[in-house]
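Enquirer: task: produce atomic coordinates for the following.
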Amino acid sequence: MQPHGTPTLFTGLGWRQPHYAQVLQERPALDFLEVHSENFFGSGGAALNVLEQGRAAYPISLHGVGLSLGSAIGLDEWHLAQLVQLVERIEPVRVSDHASFARGTFRGQPVHTADLLPLPFHREALSVLAVNVQCVQDRLKRPILVENISAYVQWHTPDAQMTEPDFLNTLTRETGCSLLVDINNIYVNARNAQLAGLCPDPVAACQLWIEQIRPDSVGEVHLAGHCHVNDASGEIVIDDHGSRVVAPVWDLYRHAVARFGNVPTLIEWDTDVPSLAILLEEVSLARHHAASVLGAHA
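Expert: This is a model prediction of the structure:
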């Protein structure tokens, strides 16, 4: 935060295939591009060539979905080796993945669920997560960011559990990693808790979640849209990244900026991807909301 004048904001866009060429041609005013790491694994090819062109024009943030940092069977060596190779080639400004697991064993063989499954917030799970995070950081020779997830099931264990903020705060203290705080994920979880009769005020619950996170541990913020499904199977809010950021999430984003300060912010849109113009409108809105808070505290 700067003491005088308009703060320099750091706002980026999730760079997806429909807009590869247009972004490279038009060079919109973005502070960084973020891509899914796994889409660029390998030693060559068209996708990696595009990413290198993007890297020549913008700082790149690598956001993974497949490390399975919370897996009790450990990390997949091939996946980690591919990530190390990509990081060395692209030299990203940030590397991130999720506080979740996807790997386990079935009939004695390792399997991958291709999903971000939630962790129980207790000491044993935290120890597994911390070991895996430290292993990744040792291999990459840099700290990583770990993101909170949208979870549609919860663990019920006899062990005393921590709150999610306590769990994540402890992880950052023990490993030196940072957090990638996804505001939409916090809100989706609170709304689903409300639908289950467990959370009378989801916005207040989200504000408390944000207030419990250590500000100096946050290295990036994500913003996205979600959908509300109410059919014969029941009612649920799904983090589908397929629409504009909704008003309550913008409100929570301002709350987060007041708490965390001027951290890099990303607009994510992964399904029903719209025109680049619409995405840039969301980027402009993020800058507007952040500036309104940072200016008030300047």
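
Enquirer: wait, what's in contact with the spatially most central residue of the chain?
Expert: Centroid check for the chain by C-alpha atoms, centre = their mean gives residue 147 as the closest residue, at 4.5 Å. Counting by C-beta atoms under 8 Å, 6 or more residues apart in numbering, residue 147 touches 63, 96-99, 179-182, 185, 222. Every C-beta, even on glycine, is put in place using the N, C-alpha and C of the backbone.

Enquirer: again with residue 57
Expert: Residue 57 neighbours (C-beta under 8 Å, 6+ apart): 24, 27.

Enquirer: just give me the neighbour total for residue 135.
Expert: Residue 135 has 16 neighbours, counted by other C-beta atoms under 10 Å.

Enquirer: secondary structure class for the closest residue to residue 54 other than its chain neighbours?
Expert: Counting by C-beta to C-beta, 6 or more residues apart in numbering, the nearest residue to residue 54 once its immediate chain neighbours are dropped is residue 33, at 5.5 Å. Here residue 33 is recorded as strand under DSSP: H, G, I helix; E, B strand; the rest coil.

Enquirer: looking at this, residue 12 is in a helix?
Expert: No: counting by three-state DSSP, residue 12 is not found in a helix; it is strand.

Enquirer: burial count for the residue nearest to residue 54?
Expert: 23.

Enquirer: how much space between it and residue 99?
Expert: Applying C-beta to C-beta, to the nearest Å, the value for residue 33 to residue 99 is 23 Å.

Enquirer: please apply the same query to residue 28.
Expert: In terms of C-beta to C-beta, residue 28 sits 31 Å off from residue 99.

Enquirer: compare the two (neighbour count), which wins?
Expert: residue 99 (26 against 14).

Enquirer: give me the nearest residue to the more buried one, chain neighbours excluded.
Expert: In space, residue 99 is closest to residue 146, 5.1 Å off (C-beta to C-beta, 6+ apart).

Enquirer: quickly run through the sheet partners of whichever strand in the chain runs longest, with directions.
Expert: As assigned by DSSP state E, the longest strand anywhere in the chain is strand 109-117. Its sheet considered, strand 109-117 pairs with strand 101-106 (antiparallel) by DSSP bridges.

Enquirer: and the partner strand, what's buried?
Expert: Neighbour-count burial for strand 101-106 flags 101-103 (criterion: 16 or more other C-beta atoms under 10 Å).

Enquirer: from the contacts of residue 147, which land in helices?
Expert: Assignment to helices by DSSP state H places the following of the contacts of residue 147 there: residue 185.

Enquirer: with the contacts of residue 147 in mind, which one is nearest to residue 19?
Expert: Set against residue 19, the nearest of the contacts of residue 147 by C-beta to C-beta is residue 63 (16.1 Å).

Enquirer: the closest one: how many residues sit nearby?
Expert: 23.

Enquirer: try residue 82
Expert: The number of residues packed near residue 82 is 18, by other C-beta under 10 Å.

Enquirer: that one reaches residue 42, doesn't it?
Expert: Yes: if you go by C-beta atoms under 8 Å, residue 82 and residue 42 touch, sitting 7.4 Å apart.

Enquirer: so the residue nearest to residue 99: helix, strand or coil?
Expert: Using three-state DSSP, the structure places residue 146 in strand.

Enquirer: got the confidence number for it?
Expert: Per-residue pLDDT puts residue 146 at 98.

Enquirer: likewise for residue 97?
Expert: 98.

Enquirer: low-confidence ranges, this structure, go.
Expert: Along the chain, the parts satisfying pLDDT under 70 run over 1-8, 158-160, 296-298.

Enquirer: what about the strands in it?
Expert: Going by DSSP E, the chain shows strands at 11-14, 32-36, 60-63, 94-98, 101-106, 109-117, 145-147, 178-182, 218-223, 227-231, 234-238, 265-267.

Enquirer: closest one of the buried residues of strand 101-106 to residue 269?
Expert: residue 102 (22.7 Å).

Enquirer: list the contacts for the closest one?
Expert: So residue 102 contacts 66, 68, 71, 112-117 (C-beta under 8 Å, 6+ apart).
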